[in-house]
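K.L.:
Would you be able to build a 3D model of this:
(chains A and B)
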Number of protein chains: 2
Amino acid sequence: MIAFDYFSPTEYVFGPDAENRAGELTASKLGKRVLIVYGKGSAERSGLLGRVRRSLTESGIEFEELGGVEPNPTDRLVYRGIDLCRQKKISGLLAVGGGSAIDTAKAIAGGVPYAGDFWDFWAGKAVMTEALPVGVILTIAAAGSEGSGNSVITKTEGEIKISLRTTILRPKFALLNPALTETLPPFQTACGITDMMAHIMERYFSNTPDCEVTDRMCEGLLTAIIAEAPKVMSEPENYQARANIMWAGTLAHNGICGTGRQEEWTCHAIEHEISALYGVAHGAGLAIVFPAWMEYVSQFNSAKIIQFGKRIFNVDSAPEAIAHLRGFYRSIGMPLNFHELGVDSPDICLMNEKLHRAKGAVIGNYVPLDNVATAKIYELMSLS
Amino acid sequence: MIAFDYFSPTEYVFGPDAENRAGELTASKLGKRVLIVYGKGSAERSGLLGRVRRSLTESGIEFEELGGVEPNPTDRLVYRGIDLCRQKKISGLLAVGGGSAIDTAKAIAGGVPYAGDFWDFWAGKAVMTEALPVGVILTIAAAGSEGSGNSVITKTEGEIKISLRTTILRPKFALLNPALTETLPPFQTACGITDMMAHIMERYFSNTPDCEVTDRMCEGLLTAIIAEAPKVMSEPENYQARANIMWAGTLAHNGICGTGRQEEWTCHAIEHEISALYGVAHGAGLAIVFPAWMEYVSQFNSAKIIQFGKRIFNVDSAPEAIAHLRGFYRSIGMPLNFHELGVDSPDICLMNEKLHRAKGAVIGNYVPLDNVATAKIYELMSLS
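P.N.:
Have a look, this model is predicted:
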């Protein structure tokens, strides 16, 4: 274990009707005048936004609204949100939705008190020292942004997708009602499962020795997700399975699985180039990236992949472990290669070039990868 | 899973020399004038208190000191601390030690702003709504009080030992340096291991269905503790094993293992009567209570005990699971019965009578127990 500082001051309210506590939590943690940030209309159609507005009004909270957040959210809406917040003297942000709405709200929250371009923080040109408070009402178990300090935004110009992580952007509260996820289309449910598993695996595949506690925690969460996933796929309205998946998604990414370990995040970086260029769902992209990465790196460092296989799938070799992971992805309807992802002629050169331009000549810790290595990983995704 | 509200705003600073950040964290979270609460002198002798004082002074923090906290801490020092804080206009409490020092600091913190008797909160006569902020420098991996809202205090008059739990008393920060635990005597190390395992098991043995995520997390932590325990026992200065045990002890009791489940706590209640009456180490008491409780309740409800046996020890029956747990306790030098605990003529009637006076006619959820049942459990502790 290596030294760490872990601070997760998000209040989680979990259970049926959690969203009805929006007013109460907003009043105590976000202030009197909030901006509601949401997506493309499903929260309106389902009646969720109506309940949230009512809860806010009952608690004497004034609010403005910013809808229309798209998957792989871009800087455009962030700029609009920052302007709106300044104009309307907003005290806090309330995201209603999944990772895209939450990440947009976080980016706005960090941009409002900053005199420069908010993108400076994502580009590494400035360090965020203050932000408006953010609250979350979660509708998709996937990104884990409800409990993380991460915000992934794509800069439209140049299609640059970057994840920022800072404790300042951890939400003040997250209202988690598993029932809200019961109406998700199966593909989105499966993408969410793949995403949360990746958040655990990006922490699990680490060379840091002597991490038995977090290894076992990661393995426990992965085992639970793999057990609950078939239930949510076959019975979308199984509240208890949804509840397990939702809480696993939060724990996967609120940092607890990464305490004391060097983290990896290479697969996310490789995937970000795919979804930035082709607009595919991030989770589906990860389903083709992770096994390909494992296949490549296990040639050089198979120890943790063998442990993963043993403890998760009860198999003895790296190839079997990878085959079982692919089999699981297949069982929940995930793609296994570029073609199944809907990308028939992937521009590997462009993605690989952008990847290393963003992340440097060599990326990754478990096995450091240069541009020849990452090109091979992109190529493996055409094969399987 | 049942509905829950989980809020753990403790900042954990983990690693070698974590205590040197005492000044920085105190300045930002406890205010300018703190009371240091500590035990019977080992923190002084080891030089730890000297480093803490230096760190506080360098950050411009003024401090008073209250030493002499004993194991199974009593109300007496709490009253002295409350007086001292009021007299010296203390802004926050800094506990240096293990559960006893931390719990004493918490009780003082809750008592200072309250006009009545602090014991009212423990006796259930009043609800705590404010408290001075508390910070922790941990020297024993055991009680988990560094990340919990719990404080266990014994009222001297009547030897009444009660645990209070409230989010208000969660520490603002906890400085966790595993190296500080390397000099603990083996018996104390083993008591700590037994205590943290009990904190997980009190949450694990639950009838709440569909808790796969937290079940797996509990099992993962227990498995890790059982793997690391022999290392800290045979190599007390194995920093990495100490680190795993220390972090496991915090996660065992900061509430994350109990999310979405009804918790149990019967064994703690049964043990509190033993340590209140005979002054034995709480962890050692738990080593004789837990297997006896499992033996008794498994006659009526064996499901979770069988799952525990399967997933932790790879055995198939409740008796085998219990035998393996006893074998583990024995391997780290824990007692298995009253005699080995140093109590040759346990006054079972008195303990049992006090237990039900404190907790009501029927206690427990996994199997509700009346006074005949709990008497049998106390009797089982004489046998094994």
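
K.L.:
Flag the shaky bits of the stretch 151-300 of chain A, pLDDT-wise.
P.N.:
Of all residues in the stretch 151-300 of chain A, none has pLDDT under 70.

K.L.:
got the residues of it near chain B?
P.N.:
The stretch 151-300 of chain A comes close to chain B at residues A:209-217, A:219-221, A:223-225, A:227-228, A:240-241, A:243-244, A:247-248, A:251, A:256, A:259-260, as judged by Cβ under 8 Å from any Cβ of the partner chain. C-betas here are computed from N, CA, C, even on glycine.

K.L.:
Okay, strands next: where are they in the stretch 201-350 of chain A?
P.N.:
Assigned strands in the stretch 201-350 of chain A: none (criterion: DSSP state E, counting those that start in this stretch).

K.L.:
Repeat that for the stretch 1-150 of chain A.
P.N.:
Under the criterion DSSP E, counting those that start in this stretch, strands of the stretch 1-150 of chain A are mapped to A:4-7, A:11-14, A:33-38, A:62-66, A:92-97, A:134-138, A:150-155.

K.L.:
B:His356: which of those strands is closest?
P.N.:
Nearest to B:His356 among the strands of the stretch 1-150 of chain A is strand A:11-14 (33.3 Å), distances taken as Cβ to Cβ.

K.L.:
among the strands of the stretch 1-150 of chain A, which is the most enclosed?
P.N.:
Comparing these on average neighbours per residue, with mean count of other Cβ atoms under 10 Å in any protein chain shown, the densest one is strand A:134-138 at a mean of 31.

K.L.:
packing partners for it?
P.N.:
Secondary-structure packing of strand A:134-138 (3 or more Cβ pairs under 8 Å, 6 or more residues apart in numbering or on different chains; DSSP states H and E): helix A:22-29, strand A:92-97, helix A:99-111, strand A:173-176.

K.L.:
if you compare those, which one is most tucked away?
P.N.:
Comparing the helices and strands packed on strand A:134-138 on average neighbours, where mean count of other Cβ under 10 Å defines a contact, helix A:99-111 leads with a mean of 30.

K.L.:
Select the longest helix from chain A.
P.N.:
For chain A, the helix that runs over the most residues, judged by DSSP state H, is helix A:212-234.

K.L.:
just how off-centre is that helix within its chain?
P.N.:
17 Å (Cα atoms, centre = their mean, to the nearest Å).

K.L.:
do stretch A:266-281 as well
P.N.:
Centre-to-centre, stretch A:266-281 and its host chain are 12 Å apart (Cα atoms, centre = their mean).

K.L.:
Buried residues, it. List them.
P.N.:
A:266-278, A:280-281 (16 or more other Cβ atoms under 10 Å in any protein chain shown).

K.L.:
Stretch A:50-58 now?
P.N.:
Result for stretch A:50-58 [16+ other Cβ under 10 Å]: buried residues A:51-53, A:55-56.

K.L.:
What of stretch A:233-241?
P.N.:
Buried-residue list, stretch A:233-241, by 16+ other Cβ under 10 Å: A:233, A:236, A:238-241.

K.L.:
Also stretch A:319-337?
P.N.:
A:321-326, A:328-329, A:332, A:334-337.

K.L.:
Please render those residues as a markdown table that adds pLDDT to the earlier fields.
P.N.:
Rendered in a markdown table, the data for those read as follows (pLDDT from 0 to 100):
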| residue | pLDDT |
| --- | --- |
| A:Ala321 | 98 |
| A:Ile322 | 98 |
| A:Ala323 | 98 |
| A:His324 | 98 |
| A:Leu325 | 98 |
| A:Arg326 | 98 |
| A:Phe328 | 98 |
| A:Tyr329 | 98 |
| A:Ile332 | 98 |
| A:Met334 | 98 |
| A:Pro335 | 98 |
| A:Leu336 | 97 |
| A:Asn337 | 97 |
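
K.L.:
Please produce JSON lines containing those residues, extended by distance to chain B.
P.N.:
Listed next are these as JSON lines, based on distance: Cβ to the nearest Cβ, whole Å:
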{"residue": "A:Ala321", "distance to chain B": "18"}
{"residue": "A:Ile322", "distance to chain B": "22"}
{"residue": "A:Ala323", "distance to chain B": "23"}
{"residue": "A:His324", "distance to chain B": "18"}
{"residue": "A:Leu325", "distance to chain B": "18"}
{"residue": "A:Arg326", "distance to chain B": "22"}
{"residue": "A:Phe328", "distance to chain B": "16"}
{"residue": "A:Tyr329", "distance to chain B": "20"}
{"residue": "A:Ile332", "distance to chain B": "16"}
{"residue": "A:Met334", "distance to chain B": "21"}
{"residue": "A:Pro335", "distance to chain B": "26"}
{"residue": "A:Leu336", "distance to chain B": "26"}
{"residue": "A:Asn337", "distance to chain B": "31"}
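
K.L.:
how much space is there between the residue lying closest to A:Ser163 once chain neighbours are set aside and chain B?
P.N.:
Nearest non-adjacent residue to A:Ser163, counting by Cβ to Cβ, 6 or more residues apart in numbering or on different chains: A:Val152, 4.4 Å away. Counting by Cβ to the nearest Cβ, to the nearest Å, the gap from A:Val152 to chain B is 24 Å.

K.L.:
And for A:Phe118?
P.N.:
26 Å.

K.L.:
Pull the number of nearby residues for that residue.
P.N.:
Neighbour count of A:Phe118, defined by other Cβ atoms under 10 Å in any protein chain shown: 23.

K.L.:
swap in A:Asp120?
P.N.:
For A:Asp120, using other Cβ under 10 Å, the count is 15.

K.L.:
ok, now which ones touch the residue nearest to it when sequence neighbours are not counted?
P.N.:
Excluding its sequence neighbours, the residue lying closest to A:Asp120 (Cβ to Cβ, 6+ apart) is A:Ala126, at 4.0 Å. Contacts for A:Ala126 (Cβ atoms under 8 Å, 6 or more residues apart in numbering or on different chains) come out as A:114, A:116, A:120.

K.L.:
quick revisit: out of the buried residues of stretch A:319-337, give me the two with the largest separation.
P.N.:
Taking Cβ to Cβ, no two of the buried residues of stretch A:319-337 sit farther apart than A:Ala321 and A:Pro335, at 19.6 Å.

K.L.:
My guess is A:Glu320 contacts A:Lys310. True?
P.N.:
No: look at A:Glu320 against A:Lys310 with Cβ atoms under 8 Å: they stay out of range, at 9.7 Å.

K.L.:
how does chain A divide into domains?
P.N.:
Following automatic domain parsing, chain A resolves into domains at A:11-180, A:186-383.

K.L.:
Mind putting the ones you listed into CSV with distance to B:Val96?
P.N.:
As requested, these are arranged in CSV below (distance: least, Cβ to Cβ, whole Å):
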stretch, distance to B:Val96
domain A:11-180, 26
domain A:186-383, 23
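
K.L.:
B:Thr166 is nearest to which of those?
P.N.:
The nearest among the domains of chain A, by Cβ to Cβ, is domain A:11-180 at 14.5 Å.

K.L.:
Just give me the neighbour total for A:Thr208.
P.N.:
A:Thr208: 16 neighbours (other Cβ under 10 Å).

K.L.:
quick one: contacts for it?
P.N.:
A:1-2, A:260-262.

K.L.:
which one among the buried residues of stretch A:319-337 gets closest to A:Asn72?
P.N.:
A:Pro335 (16.8 Å).

K.L.:
still on that earlier bit, which among the buried residues of stretch A:50-58 are in contact with chain B?
P.N.:
Of the buried residues of stretch A:50-58, not one also sits near chain B (Cβ under 8 Å from any Cβ).

K.L.:
any chance of those in CSV, with pLDDT too?
P.N.:
Below are those laid out as CSV (pLDDT from 0 to 100):
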residue, pLDDT
A:Arg51, 97
A:Val52, 97
A:Arg53, 98
A:Ser55, 98
A:Leu56, 98
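
K.L.:
shouldn't A:Gly97 be in contact with A:Ile140?
P.N.:
Yes: at 7.0 Å, A:Gly97 counts as touching A:Ile140 under the criterion of Cβ under 8 Å.

K.L.:
one step back: could you pull out the buried residues of the longest helix of chain A?
P.N.:
By 16+ other Cβ under 10 Å, the buried positions in helix A:212-234 come out as A:212-226, A:228-229, A:231-233.

K.L.:
All good on my end, thank you.
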